[in-house]
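**Q** Turn this into a structure:
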Amino acid sequence: MYQIIGGAIGAIMILFSLFDTTQFAGLNILVLAFMFIFFAYPVFCGTLCLKSKESALRHSLINQFLQLLGFAFFGFAFSYVAGIYLSIGLDLSKSIDVKFDIGVSKFDFNINREAERAEINFNLVAFGLIYWIEKLTKKLKAEKEIIEADSIG
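**A** Now for the predicted structure:
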């Protein structure tokens, strides 16, 4: 449910940005569609989890890895979170500053903008979810092996 809510919040933020009349340039629409796909993916992952599909944990793990690191270097930036984030990072623009950030669903994607910006962020929530998904995957795999062994013997 967490993934569905996080993805929905991001998608709603994108839909609200469509009401800004300056956003209707061709390239902006493509960027918004690109961002919308990123926020549709956690909704897909959450739906798989609710339906207990076998691929649910694999897709959820991919989704969390996409949210783990954010960066901005040489005019390029990428940071994506669908849900809650608590991040720690380094701002290397003028000196080395440690920064903390907290919020809900965001998407930062820049090409050839803010060339002086240099930072890297680590999402602690995504890290915790990756750890939890890995433990759950191992547990389910062990249970599946026990069931298969019992059915043989």
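**Q** contacts and neighbour counts: CA atoms only from here.
**A** Will do.
**Q** how about stretch 124-143: buried residues?
**A** 124-127, 129-130, 133 (16 or more other CA atoms under 10 Å).
**Q** quick one: contacts of that stretch?
**A** Residues from elsewhere that reach stretch 124-143 (CA atoms under 8 Å, 6 or more residues apart in numbering): 57, 60-61, 64-65, 67-68, 84-88.
**Q** Among the buried residues of stretch 124-143, pick out the one closest to Phe38, please.
**A** Closest approach between those and Phe38, by CA to CA: Ala126, at 15.2 Å.
**Q** Quick check: pLDDT value at that closest one.
**A** In this model, Ala126 is scored at 96, pLDDT.
**Q** Next: Thr21.
**A** Thr21 carries a pLDDT score of 56 in this model.
**Q** try the one 10 residues further on
**A** On pLDDT, Val31 comes in at 79.
**Q** And the one 4 residues further on, by the same measure?
**A** The predicted local distance difference test score for Met35 is 86.
**Q** can you tell me which helix or strand it belongs to?
**A** Met35 is located in helix 26-50, with elements delineated by DSSP states H and E.
**Q** Now the next helix or strand after that helix: average pLDDT?
**A** Counting by DSSP H and E, the next helix or strand C-terminal to helix 26-50 is helix 56-68. Per-region confidence: helix 56-68 scores 95 on mean pLDDT.
**Q** now helix 56-68, how far from the chain's geometric center?
**A** In terms of CA atoms, centre = their mean, to the nearest Å, the gap separating the centre of helix 56-68 from the centre of its chain is 7 Å.
**Q** For the helix or strand where Ile5 lies, C-alpha coordinates in PDB please.
**A** Secondary structure assigned from DSSP H and E places Ile5 in helix 2-17. Provided in PDB are the C-alpha atoms of helix 2-17 (Å, rounded to 0.1, in the frame of the first residue of the first chain):
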ATOM      1  CA  TYR A   2       3.000   2.300   0.800                       C
ATOM      2  CA  GLN A   3       4.200   2.100  -2.800                       C
ATOM      3  CA  ILE A   4       0.700   2.800  -4.300                       C
ATOM      4  CA  ILE A   5       0.200   5.900  -2.100                       C
ATOM      5  CA  GLY A   6       3.700   7.200  -2.800                       C
ATOM      6  CA  GLY A   7       3.300   6.800  -6.500                       C
ATOM      7  CA  ALA A   8      -0.100   8.300  -6.500                       C
ATOM      8  CA  ILE A   9       1.100  11.400  -4.600                       C
ATOM      9  CA  GLY A  10       3.900  11.900  -7.200                       C
ATOM     10  CA  ALA A  11       1.400  11.400 -10.100                       C
ATOM     11  CA  ILE A  12      -1.000  13.900  -8.600                       C
ATOM     12  CA  MET A  13       1.900  16.400  -8.200                       C
ATOM     13  CA  ILE A  14       2.600  16.000 -11.900                       C
ATOM     14  CA  LEU A  15      -1.000  16.400 -12.800                       C
ATOM     15  CA  PHE A  16      -1.200  19.600 -10.800                       C
ATOM     16  CA  SER A  17       1.900  20.900 -12.700                       C
END
